[in-house]
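Enquirer: Generate a structure from the sequence data that follows.
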Amino acid sequence: MIKKTQLLVLLLMALSFGKAVAQKSAFADAYLLVFEEQYSKVSALQASLQGAEQDFISGEVAFRKGDVKGAQDFFNKAAGDVKSPWGFIGLGRIALKNGDAKSATENFDKAVKNGKKNSAVYETVARVCLSMATPDTANAAKYLAKGLDVDSKYAPFQTLKGDLSAVKGDFGAAANDYERAMYFDPKNTEAPRKLGVLYNRAKNYQGGLAALKKSIENNPDQITVYKNLGDLYYTFGKYADAEENYKIYLDRCEKTADDLERYSFILFFNKKYKESSEVLDQLLAKGAAESVLYRVKGYVACENGDVKEGLSYMQKFFASHNPDKFLPSDYGYYGKLLSKDGQDSLAAANYEKATVLDSTKMEYFEELAKIYSKTKRHADAIRVYNQMIVLKADPATINFNIGKEYYFLGESLKAKTPVTNGTVKPEVAEAYKGAIAAFAEVQKYSPDFSGGYLWAGRVNSLLDSEATTTAAKESYEKALEVLQKGDKEKGKKSIMECYRYLGSYYFLNSERAANGQKDELKKQAIANFEQILVIDPNDAQAKDVVSKLKK
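Expert: Got it, this is the predicted structure:
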């Protein structure tokens, strides 16, 4: 039977344990808020803490704000309670900051000695080690292992194991660790949040979304998870959802320049250019001079059509930003602004840089090819269009553009080396053959598109100006067949072109034909020119040719 004194001791132990649990919970909540940089909320919780715990939290806040001296003073004060672990954990942090690994280990060992059975102590040491600018993975792993010996089912240990795995680049192990933490504590908010961030990095949208929503379900009043969810939506181009969640985050958090900067990006990509610009103006008014602000201002100006202002911002950006951190979109937007300003050569150079950094974005290649075509750099345009085929652009459209660029290349070469005695120069012929090959691809991928046949007929007729082969004739006949099935009024100019070539083809061949064939070929020539007159009775050339041939 339990004696009265034993009962009293047990009751006191229970009360002490209940108090320790309450303090541990308040301390844990406060410490997580420190990591979220929600310092005003930390202050509210600190009232429920006492002594070394309160001083440690104050020291952590000071440290994370960059006040290392103030942090050390708080940690020294906390270490004045030689039986408490917290001050020694703080002093271990200062030692790590100073590169004194030996002193750090000594202080951490004192901390765990004072809290041998307290899982929160091992957890906090590991958090400190992993939160350094250069994470101390060795000590984090060491004290996590010790903590797991104390309580292998303590969920924060599994979360921190996941953090350690992620730092080491073992993301599969990290995901398993976060899942294990959620198993041990289904109401855990930190593990699913970190799992969601991990999935986002792995471009796993559905996994990330499910994990982050689970974290919110467990605690909708938390803060950072809405930023994480906004980042997930931003990564996958869901800018309206990104804006909604970032707004929740910003309404609750102590806003930093980085937060506002990201929010301005989200607003920009959500096509809210005015609102994005207003956020950036707030940052610039507060003295923020980060080059990325000029970046977004330049982007916004470009979208708003303010070319001169956009160029000014982008020039400031390129002059002040780290060249190793330029984005493909920096060159893309700068190229767009330069193009609008008529600076085609510089625009092309920037689009080229954009395609090097992002060889998957079709828009850069399209704009680059247009500039090269406009500036008569046809060989470069062909090169860019061929890159677009590799990117799986529509093969009919791209080959049609390639064919035209080869045609224009041939025309420009012909102007420099004109045809003599009816002979096409080899370099001109090569360009024309490139065009014909491209138009053949158009015909293959889009057999009901008359343009592929029409342009093939034009180029073949240039290669064979005397109509000694049937290549151009066959192309024009196929074009005519397709055109006759479509809107004849809309396609009448092309239809007339087909009849005009076919009439010329038969006339030229009638001139070379033997007497038995001559009249028949002339009849076919007349018939084709008469078809032109059916469409346009006033076509002077057709009237003249028909009149002469009939005589």
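
Enquirer: any low-confidence regions in the stretch 451-551 of the chain?
Expert: Counting by pLDDT under 70, not a single residue of the stretch 451-551 of the chain qualifies.

Enquirer: And the helices in it, which stretches?
Expert: With DSSP state H, counting those that start in this stretch as the criterion, the stretch 451-551 of the chain has helices at 471-485, 492-512, 515-535, 540-550.

Enquirer: Reformat these into TSV and put distance to residue 351 next to each item.
Expert: Where you see a C-beta, it was placed from the backbone N, CA and C, and this is true even at glycine. What follows is the helices of the stretch 451-551 of the chain, written out as TSV (distance: least, Cβ to Cβ, whole Å):
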stretch	distance to residue 351
helix 471-485	34
helix 492-512	33
helix 515-535	43
helix 540-550	43
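
Enquirer: so which of the ones you listed comes closest to residue 463?
Expert: In terms of Cβ to Cβ, the element of the helices of the stretch 451-551 of the chain nearest to residue 463 is helix 471-485, at 7.6 Å.

Enquirer: in that closest one, what counts as buried?
Expert: 471-473, 475-480, 482-483 (16 or more other Cβ atoms under 10 Å).

Enquirer: Make TSV out of these and add distance to residue 493.
Expert: Below are these laid out as TSV (distance: Cβ to Cβ, whole Å):
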residue	distance to residue 493
471	22
472	18
473	19
475	17
476	14
477	17
478	17
479	12
480	13
482	15
483	10
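
Enquirer: Now do the same contact list for residue 186.
Expert: residue 218 (Cβ atoms under 8 Å, 6 or more residues apart in numbering).

Enquirer: Same check on residue 198?
Expert: 162, 166, 171, 174-175, 178, 208.

Enquirer: And the helix or strand hosting it, how far out from the chain middle?
Expert: Using DSSP states H and E, residue 198 sits within helix 190-201. The chain centre lies 19 Å from the centre of helix 190-201; the measure is Cα atoms, centre = their mean, to the nearest Å.

Enquirer: Render the CA-only coordinates of it in PDB, please.
Expert: What follows is helix 190-201, C-alpha atoms only, in PDB (Å, rounded to 0.1, in the frame of the first residue of the first chain):
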ATOM      1  CA  GLU A 190       6.800  21.000 -39.500                       C
ATOM      2  CA  ALA A 191       7.500  17.700 -41.100                       C
ATOM      3  CA  PRO A 192       4.800  17.900 -43.800                       C
ATOM      4  CA  ARG A 193       5.700  21.500 -44.500                       C
ATOM      5  CA  LYS A 194       9.400  20.500 -45.100                       C
ATOM      6  CA  LEU A 195       8.300  17.500 -47.100                       C
ATOM      7  CA  GLY A 196       6.200  19.800 -49.300                       C
ATOM      8  CA  VAL A 197       9.200  22.100 -49.800                       C
ATOM      9  CA  LEU A 198      11.300  19.000 -50.700                       C
ATOM     10  CA  TYR A 199       8.700  17.800 -53.200                       C
ATOM     11  CA  ASN A 200       8.700  21.300 -54.800                       C
ATOM     12  CA  ARG A 201      12.400  21.100 -55.300                       C
END
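
Enquirer: residues of it that come out buried?
Expert: 190-200.

Enquirer: Dump the contacts of residue 198 into a markdown table; add pLDDT and distance to residue 96 as well.
Expert: Listed next are those as a markdown table, based on pLDDT from 0 to 100; distance: Cβ to Cβ, whole Å:
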| residue | pLDDT | distance to residue 96 |
| --- | --- | --- |
| 162 | 95 | 21 |
| 166 | 93 | 19 |
| 171 | 93 | 25 |
| 174 | 95 | 22 |
| 175 | 95 | 28 |
| 178 | 96 | 25 |
| 208 | 95 | 32 |
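
Enquirer: How about the secondary structure of residue 396?
Expert: helix (DSSP: H, G, I helix; E, B strand; the rest coil).

Enquirer: close enough to count as contact, it and residue 446?
Expert: Yes: at 3.9 Å, residue 396 counts as touching residue 446 under the criterion of Cβ atoms under 8 Å.

Enquirer: what bits of the stretch 301-450 of the chain have low per-residue confidence?
Expert: For the stretch 301-450 of the chain (pLDDT under 70), the answer is 418-422.

Enquirer: All the helices of it, in order from the start?
Expert: 307-320, 328-340, 344-357, 362-374, 378-390, 395-416, 426-445, 450-463.

Enquirer: circling back to that earlier point, can you tell me which of the buried residues of helix 471-485 is nearest residue 85?
Expert: residue 482 (84.1 Å).

Enquirer: Look up how far residue 457 lies from the closest one.
Expert: As judged by Cβ to Cβ, to the nearest Å, residue 482 and residue 457 stand 12 Å apart.

Enquirer: for residue 469, same thing?
Expert: Taking Cβ to Cβ, one finds residue 469 at 12 Å from residue 457.

Enquirer: re earlier: show me the one of the helices of the stretch 451-551 of the chain that comes nearest residue 355.
Expert: helix 471-485 (33.9 Å).

Enquirer: so that closest one versus helix 450-463, what angle?
Expert: 160 degrees (axes from the mean of the first three to the mean of the last three Cα atoms, to 10 degrees).

Enquirer: any idea of the angle helix 471-485 forms with helix 426-445?
Expert: 30 degrees.

Enquirer: Pull the residues that contact helix 471-485.
Expert: Identification of contacts with helix 471-485 by Cβ under 8 Å, 6+ apart yields 443, 448-450, 453-454, 456-458, 460-461, 463-464, 467, 491, 494-495, 497-499, 501-502, 505.

Enquirer: then that helix to CSV, C-alphas only?
Expert: What follows is helix 471-485, C-alpha atoms only, in CSV (Å, rounded to 0.1, in the frame of the first residue of the first chain):
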residue,chain,number,x,y,z
ALA,A,471,9.1,19.4,-110.7
ALA,A,472,7.5,22.9,-110.6
LYS,A,473,4.5,21.8,-112.7
GLU,A,474,3.7,18.9,-110.3
SER,A,475,4.0,21.2,-107.3
TYR,A,476,1.7,23.8,-108.8
GLU,A,477,-0.8,21.2,-109.9
LYS,A,478,-1.0,19.8,-106.3
ALA,A,479,-1.3,23.4,-104.9
LEU,A,480,-4.1,24.0,-107.4
GLU,A,481,-5.9,20.8,-106.3
VAL,A,482,-5.8,21.9,-102.6
LEU,A,483,-6.8,25.5,-103.3
GLN,A,484,-9.8,24.3,-105.4
LYS,A,485,-11.1,22.6,-102.3
